[in-house]
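Engineer: just a sequence and a predicted model for now, questions to come.
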Amino acid sequence: MKPKFETVELLSPTGEVVELKVVKRGLAQARPEPVDRNKPAWIKAPLPTGPRYQALKAMVRELRLHTVCQEALCPNIGECWTHGTLTVMILGDICTRACKFCAVHTGNPKGLVDPEEPRRVAEAIARMGVRYVVLTSVDRDDLPDGGASHFAATIRAIKERAPGVLVEALTPDFQGDLKAVETVLAANPEVYAQNLETVRRLTPKVRDPRAGYEQTLKVLAHAKKVRPDILTKSSLMLGLGETEEEILEAMRDLSAAGVDILTLGQYLRPTPAHLPVARYVPPEDFKRYEAWGYELGFREVFAGPLVRSSYRADRVFLEATQR
């Protein structure tokens, strides 16, 4: 089945209406694999509710923010928002890549960037009263620096407008452009993160061809080398068909790259057209992997079926800084 493109209209900074063709929920395809079996009991997350969640939801809509919590269909949105942690996605909601696990729209944004977004995001963060913000973005391979300068401008704007808020920068790999990594680091986020996502063998199957296992490790190692005072972080999804030996190899590779914080979570198929779940990893296995991480020297390891790279990032940061 060929990808189904839809036309969307965006307003450029000059006021011009630009038409873009995108694939909603990513460049998924029909797959012969059966739809995932029923999820085990430990996978179920509580429905998002409560006054703080509802207030943040209304404000996100009012301020026209994109959040990974919503775009990526995260099961933890209620818990994180209730605890005052938000993951804001900048640089639009159209990604130039097509990873097989991701439900974010795929297309070519044609270089469109909203120059007012850093100010608008900073104002929104100040109004929301959140304590910790994870700032992330779609991949923007259509921009010369991959969006690094926009990332840095947004971090600086948040720190100026809401100086008490801690900022985690969960960045793209910038196609391995280390100068772009340095641009983001110069804005002084508290945490610099880039996700390895899966083990070496499965990377070509799971991630877009422009991503790479070694490329991510190089980005993380360079970030720690340039700014050893900034915590580095990465994440692995489990349940895609990896072996325990491969999980341990990936953890060792991340440790060798100087990564401080590691999160491990269960891959959940966002739609039947994305990669199927090969295994639901039980909680006791996650506990063993967490112990492996501490043995390898990570400052903080957060592992569990519903853990995501940004899940309770405020708590993970606090625990990492206390070790």
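Structural biologist: Great, that's in hand. No experiment lies behind these values; they were computed from the predicted model shown. Numbering: from 1, shown residues only.
Engineer: from here on, just use CA atoms for contacts and neighbour counts.
Structural biologist: Fine.
Engineer: which residue ranges form the strands in the stretch 101-250 of the chain?
Structural biologist: Remark: strands assigned in the stretch 101-250 of the chain by DSSP state E, counting those that start in this stretch are 105-107, 132-137, 166-170, 191-193, 231-238.
Engineer: could I get the average pLDDT for the longest one?
Structural biologist: It stands for strand 231-238. When pLDDT is averaged along strand 231-238, the result is 97.
Engineer: what's that strand packed up against?
Structural biologist: strand 191-193, helix 213-226, strand 261-266 (3 or more C-alpha pairs under 8 Å, 6 or more residues apart in numbering; DSSP states H and E).
Engineer: mean pLDDT for those - can I get that in CSV?
Structural biologist: Compiled in CSV, the helices and strands packed on strand 231-238 are given as follows (pLDDT from 0 to 100):
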stretch, mean pLDDT
strand 191-193, 97
helix 213-226, 98
strand 261-266, 96
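Engineer: make JSON lines out of the ones you listed and add mean neighbour count and distance to residue 277.
Structural biologist: Below are those laid out as JSON lines (neighbours: other C-alpha atoms under 10 Å; distance: least, C-alpha to C-alpha, whole Å):
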{"stretch": "strand 191-193", "mean neighbour count": "26", "distance to residue 277": "25"}
{"stretch": "helix 213-226", "mean neighbour count": "20", "distance to residue 277": "21"}
{"stretch": "strand 261-266", "mean neighbour count": "25", "distance to residue 277": "9"}
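Engineer: export the ones you listed as JSON lines, with columns for distance to residue 321.
Structural biologist: Output for these, formatted as JSON lines (distance: least, C-alpha to C-alpha, whole Å):
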{"stretch": "strand 191-193", "distance to residue 321": "11"}
{"stretch": "helix 213-226", "distance to residue 321": "15"}
{"stretch": "strand 261-266", "distance to residue 321": "10"}
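Engineer: tell me which of the ones you listed lies nearest to residue 65.
Structural biologist: Closest to residue 65 of those, according to C-alpha to C-alpha: strand 191-193, at 20.9 Å.
Engineer: quick one: strands adjacent to that closest one?
Structural biologist: When pairs are called by DSSP bridges, strand 191-193 turns out to pair with strand 166-170 (parallel), strand 231-238 (parallel).
Engineer: could I get the ones you listed as CSV with distance to residue 258 and mean neighbour count?
Structural biologist: Formatted as CSV, these follow (distance: least, C-alpha to C-alpha, whole Å; neighbours: other C-alpha atoms under 10 Å):
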stretch, distance to residue 258, mean neighbour count
strand 166-170, 16, 24
strand 231-238, 8, 24
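Engineer: ok, back up a step: who wins for proximity to residue 66 among the strands of the stretch 101-250 of the chain?
Structural biologist: strand 132-137 (9.3 Å).
Engineer: so how far is that closest one off the chain centroid?
Structural biologist: 8 Å (C-alpha atoms, centre = their mean, to the nearest Å).
Engineer: give the other helices and strands that it contacts.
Structural biologist: strand 85-90, strand 166-170, helix 313-321.
Engineer: try 7 Å this time
Structural biologist: strand 85-90, strand 166-170 (3 or more C-alpha pairs under 7 Å, 6 or more residues apart in numbering; DSSP states H and E).
Engineer: got the CA positions of it in CSV?
Structural biologist: Taking Å, rounded to 0.1, in the frame of the first residue of the first chain, the C-alpha atoms of strand 132-137 are listed here in CSV:
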residue,chain,number,x,y,z
TYR,A,132,10.3,21.2,34.2
VAL,A,133,10.0,21.3,30.4
VAL,A,134,11.3,18.9,27.9
LEU,A,135,11.9,20.7,24.7
THR,A,136,12.0,18.5,21.6
SER,A,137,11.3,18.7,17.9
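Engineer: pairing partners for that strand, with directions?
Structural biologist: strand 85-90 (parallel), strand 166-170 (parallel).
Engineer: before we move on, the earlier item: may I see the strands of the stretch 101-250 of the chain arranged in CSV, with distance to residue 120 as well?
Structural biologist: Below are the strands of the stretch 101-250 of the chain laid out as CSV (distance: least, C-alpha to C-alpha, whole Å):
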stretch, distance to residue 120
strand 105-107, 22
strand 132-137, 13
strand 166-170, 16
strand 191-193, 22
strand 231-238, 26
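Engineer: where's residue 260 relative to residue 199, distance?
Structural biologist: Distance, residue 260 to residue 199, using C-alpha to C-alpha, to the nearest Å: 18 Å.
Engineer: sorry, wrong one. I was asking about residue 253.
Structural biologist: 10 Å.
Engineer: neighbour count: the two, which is higher?
Structural biologist: residue 199 (25 against 17; other C-alpha atoms under 10 Å).
Engineer: pLDDT below threshold where in the stretch 1-150 of the chain?
Structural biologist: By pLDDT under 70, the low-scoring segments of the stretch 1-150 of the chain are 1-37, 45-49, 51, 56, 59, 63, 67-85.
Engineer: all helices for it, in order.
Structural biologist: Here the stretch 1-150 of the chain has its helices, by DSSP state H, counting those that start in this stretch, at 51-62, 68-71, 77-82, 117-128, 148-161.
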